[in-house]
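Visitor: Following is a predicted model, sequence given first.
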Amino acid sequence: MMANDSLYSVKLSEIWWYFKSQDILFWLINIYLFMEYVRPQTLYPSLDVIPFTRIILIVTLVILLFKKYPLPKNISNTLIILFTIVIILSSMFAISPGVSFSKIYDYFAWVVIYFLIITIINTSERLFVFVFLFLVYSFKMSQFSFRNWVASGFSFSDWGTGGGAGWFHNSGEFGIQMCVFLAVSCYFYYSLKDRWPWWKKGVFLLFPLTALSGTISCSSRGALVGAGAVLFWMLLNSSHKIKGFVVLALVGVLVWHFTPSEQKERFRQAGKDKTSIQRTERWEKGLRMAERSPLLGVGYANWEVADKRFFSGEGGLPHNIFIECISELGYSGFIVFILLIFSTFFNNYRTRKVLCRYDMKSSHLYYLAHGLDAALVGYLVSGYFVTVLYYPYFWINLSMTVALSSIVKATNKDTAKLPINCKIA
């Protein structure tokens, strides 16, 4: 279970040596992660003539079938297949099946990615490198945003700062990624800082700091609320609650101090401003759509079609992952989605239960389980205000959760009598 100590020290030469020792599948899944999060193909238009991510996924899947890697068993596997069945049926009986099937690749890609990650990332070393690169790519976004914010004199802008081309271009989507990044990077830093010299501690401390600044500079109220939820969740899971409360209070004061006055005013107007009223109206529409089609909803990716047909609306998005799910997929899809959420928390709980019997050398896995929980909390809270059900956040987080659970279970399957009273020091 335990990776080489030099990997934990984050020595780039050792990470590169480890990379060279791995098979083509590990290379491909990491190339995919790079192409999805850094998006060089959209940064440089000359590269965008080739569908890189699709090609990588197809090649990886074909090679995996020949390699015959064992598929880890997990309740999330069953749930994601059930969710897929609901989406197919919802598309078949949608108001506009053509719209559904024209966009269904967006979802199926996440199913393929999920099964590729949980199958290929099958050792703690592979998981460590994969998570590390995930953080590096997120840091690439956060420092870019931070530099733009500094250049603007820490000022407010309606469009906020984004994370570059791709999934995280818009400020709201970028803010959610910063919530996820904040959660995982905090636990990454805490679990490994004792292995690093002072200068490396300084470098990796920039990860959560720029993640937090990103939630401020993106000008998204949902992102700031999501970041607050992440920090509060971390406090609840700490055994040093008084110290944690003091730190949380100091962070809160600093965040409020650096939050532009225009953003503060937006919080004061929450619930009464045009944006809030518009969101509330769309949430009500979504619930009425679910009442019309309770079993399978109005159809996968059919929100805009239903809005125009039933409410003579403009076809705007629902701006809420739960409303998006229940309106388009009905109560069947909504129930499975909720079960997928609980399966994440259950997997991480079971992982920590197993790891309680291991020494501190494997604590990074224990803290990663907490980090993935906190990341999910950040996504769920900030996603309450944005239409991002089929964005990377949930599906990549679920993939890493199941990979972590499978790695730990492969080492010790007898979890029934293990202690569960482990807390973060």
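Guide: Nice, I can see it.

Visitor: For W196, what are phi and psi?
Guide: Phi and psi for W196, reported as degrees, to the nearest 10, are phi -110, psi 150.

Visitor: and it, what is it in contact with?
Guide: W196 makes contacts with 9-10, 204, as judged by C-beta atoms under 8 Å, 6 or more residues apart in numbering. (Each C-beta comes from the backbone N, C-alpha and C, glycine too.)

Visitor: Give me the pLDDT for it.
Guide: In this prediction, W196 carries a pLDDT score of 92.

Visitor: do the same with G286
Guide: G286 is given a pLDDT of 93.

Visitor: That one and W16: what is the separation?
Guide: If you measure G286 against W16 using C-beta to C-beta, to the nearest Å, the figure is 48 Å.

Visitor: Would you mind pulling up the elements that the longest helix along the chain packs against?
Guide: Across the chain, the longest stretch assigned as helix under DSSP state H is helix 321-355. Applying 3 or more C-beta pairs under 8 Å, 6 or more residues apart in numbering; DSSP states H and E, we find helix 321-355 packed against helix 75-92, helix 274-292, helix 303-311, helix 363-382, helix 392-411.

Visitor: between the shortest one and helix 274-292, how many degrees?
Guide: Read it as helix 303-311. 80 degrees (axes from the mean of the first three to the mean of the last three C-alpha atoms, to 10 degrees).

Visitor: same thing with the fourth one?
Guide: Regarding helix 363-382 and helix 274-292, their directions subtend 90 degrees when assessed with the same axes, to 10 degrees.

Visitor: Check which helices and strands helix 363-382 is in contact with.
Guide: Packed next to helix 363-382, using 3+ C-beta pairs under 8 Å, 6+ apart, are helix 124-151, helix 171-192, helix 221-236, helix 321-355, helix 392-411.

Visitor: and these as JSON lines, adding mean neighbour count, distance to V86 and mean pLDDT?
Guide: Listed next are these as JSON lines, based on neighbours: other C-beta atoms under 10 Å; distance: least, C-beta to C-beta, whole Å; pLDDT from 0 to 100:
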{"stretch": "helix 124-151", "mean neighbour count": "19", "distance to V86": "28", "mean pLDDT": "89"}
{"stretch": "helix 171-192", "mean neighbour count": "26", "distance to V86": "24", "mean pLDDT": "93"}
{"stretch": "helix 221-236", "mean neighbour count": "22", "distance to V86": "26", "mean pLDDT": "92"}
{"stretch": "helix 321-355", "mean neighbour count": "21", "distance to V86": "4", "mean pLDDT": "96"}
{"stretch": "helix 392-411", "mean neighbour count": "23", "distance to V86": "15", "mean pLDDT": "94"}
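
Visitor: Nearest to T78, out of those helices?
Guide: The closest of the helices and strands packed on helix 363-382 to T78 is helix 321-355. By C-beta to C-beta, the value is 9.1 Å.

Visitor: now that closest one: how far from the chain's centre is it?
Guide: 13 Å (C-alpha atoms, centre = their mean, to the nearest Å).

Visitor: Kindly format the C-alpha coordinates of the strand or helix carrying V59 as CSV.
Guide: Applying DSSP states H and E as the criterion places V59 in helix 52-67. Provided in CSV are the C-alpha atoms of helix 52-67 (Å, rounded to 0.1, in the frame of the first residue of the first chain):
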residue,chain,number,x,y,z
PHE,A,52,-7.4,14.7,-28.6
THR,A,53,-9.5,13.7,-25.5
ARG,A,54,-11.8,11.4,-27.5
ILE,A,55,-8.8,9.7,-29.2
ILE,A,56,-7.0,9.2,-25.9
LEU,A,57,-10.1,7.7,-24.3
ILE,A,58,-10.7,5.3,-27.2
VAL,A,59,-7.1,4.2,-27.4
THR,A,60,-6.9,3.8,-23.6
LEU,A,61,-10.1,1.7,-23.5
VAL,A,62,-9.0,-0.6,-26.3
ILE,A,63,-5.6,-1.2,-24.7
LEU,A,64,-7.2,-1.8,-21.4
LEU,A,65,-9.5,-4.5,-22.9
PHE,A,66,-6.4,-6.3,-24.2
LYS,A,67,-4.4,-5.9,-21.0
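
Visitor: so which of the contacts of W196 comes closest to T210?
Guide: F204 (11.0 Å).

Visitor: Looks like S9 contacts P197 (just checking).
Guide: No. The criterion here is C-beta atoms under 8 Å, and S9 misses it with P197 at 9.1 Å.

Visitor: returning to what we had before: who are the packing partners of the helix holding V59?
Guide: Partner elements for helix 52-67 (3+ C-beta pairs under 8 Å, 6+ apart): helix 24-37, helix 104-120.
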